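J.: When you get a sec, could you give me coordinates for this:
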Amino acid sequence: MKITFLTFVLFALFASAESQSAKTATAQKEMDPLLAEKWFVGTWLCKGTLHASPTEPAVEFTDRFSFHMTLGDSWLMYQIDQLKGPVKGNQTLIGSITWDANAKLHVRRDMNIGGSRVDATSPGWYGDKLVFMGFMIVGDQKLPIKQTFTKKGDAAYDSALEVTGAEGKPTQWEEESCKKVKGARAMAP
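T.: Numbering: from 1, shown residues only. Below you'll find the predicted structure:
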């Protein structure tokens, strides 16, 4: 009887410890503030359109977007290499995103070919959408932006960048659809 009772107690303690460990691991995963960044890690091929402006025609492009975590997995670093389009063969953007625990926001900076930059923040994923709002700095202009990433499953997303011009009117700047790729496919247009 004692052995049966002791076995039952040990089994119950073991099961409880395993259950607590699983709950703790789940809670830590849910509380990881960098889940938004980590979702992007990998290589993506993106096909898109830079919409026409009063001074430039619309342009279609294909980009390779490469993401990796660095500095002890505290920053998401990324770069875009244009595979098809007006600056084919060039790196067109580098950037970084991390979680700002003080502001409780994801903070992002993109540095673009030609010297422009984007500074934006996001509270994180809301359902399948990740929305960054901030400013694009182009020359002496500071233009409000809104960029929406929409998940299309585990290995695809769409992105739409809206820019508010100096006249105060928001316009679609760029739209693209991206798919995660591996191996040789990541190198081909």
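
J.: Run through the strands of the chain in chain order.
T.: 42-50, 59-70, 75-84, 91-100, 105-112, 117-122, 125-126, 129-138, 141-151, 156-164, 170-181 (DSSP state E).

J.: Look at the residue nearest to residue 124 when sequence neighbours are not counted and say how many residues are nearby.
T.: What sits nearest to residue 124 in space, not counting adjacent residues and going by C-beta to C-beta, 6 or more residues apart in numbering, is residue 36, at 5.0 Å. Every C-beta, even on glycine, is put in place using the N, C-alpha and C of the backbone. Per other C-beta atoms under 10 Å, the neighbour tally for residue 36 reads 18.

J.: what bridges to residue 106?
T.: Beta-bridge partners of residue 106, counted by DSSP bridges, are residue 99, residue 122.

J.: and what of residue 70?
T.: With DSSP bridges as the rule, residue 70 is bridged to residue 75.

J.: distance between stretch 63-72 and the chain's centre?
T.: 10 Å (C-alpha atoms, centre = their mean, to the nearest Å).

J.: hang on, I meant stretch 166-181
T.: For stretch 166-181, the distance to the chain centre is 15 Å (C-alpha atoms, centre = their mean).

J.: Only C-alpha atoms, please: export it in CSV.
T.: The C-alpha trace of stretch 166-181 is given here as CSV (Å, rounded to 0.1, in the frame of the first residue of the first chain):
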residue,chain,number,x,y,z
ALA,A,166,3.6,67.6,-48.7
GLU,A,167,0.1,68.5,-49.8
GLY,A,168,-1.3,66.2,-47.0
LYS,A,169,-2.8,63.6,-49.3
PRO,A,170,-2.0,59.9,-48.6
THR,A,171,-1.1,57.9,-51.8
GLN,A,172,0.0,54.3,-52.4
TRP,A,173,3.7,54.4,-52.9
GLU,A,174,4.5,50.7,-53.3
GLU,A,175,2.9,47.3,-53.1
GLU,A,176,4.5,43.9,-53.2
SER,A,177,3.9,40.2,-52.6
CYS,A,178,6.6,38.1,-51.0
LYS,A,179,7.2,34.4,-50.7
LYS,A,180,9.9,32.7,-48.5
VAL,A,181,12.4,30.8,-50.5
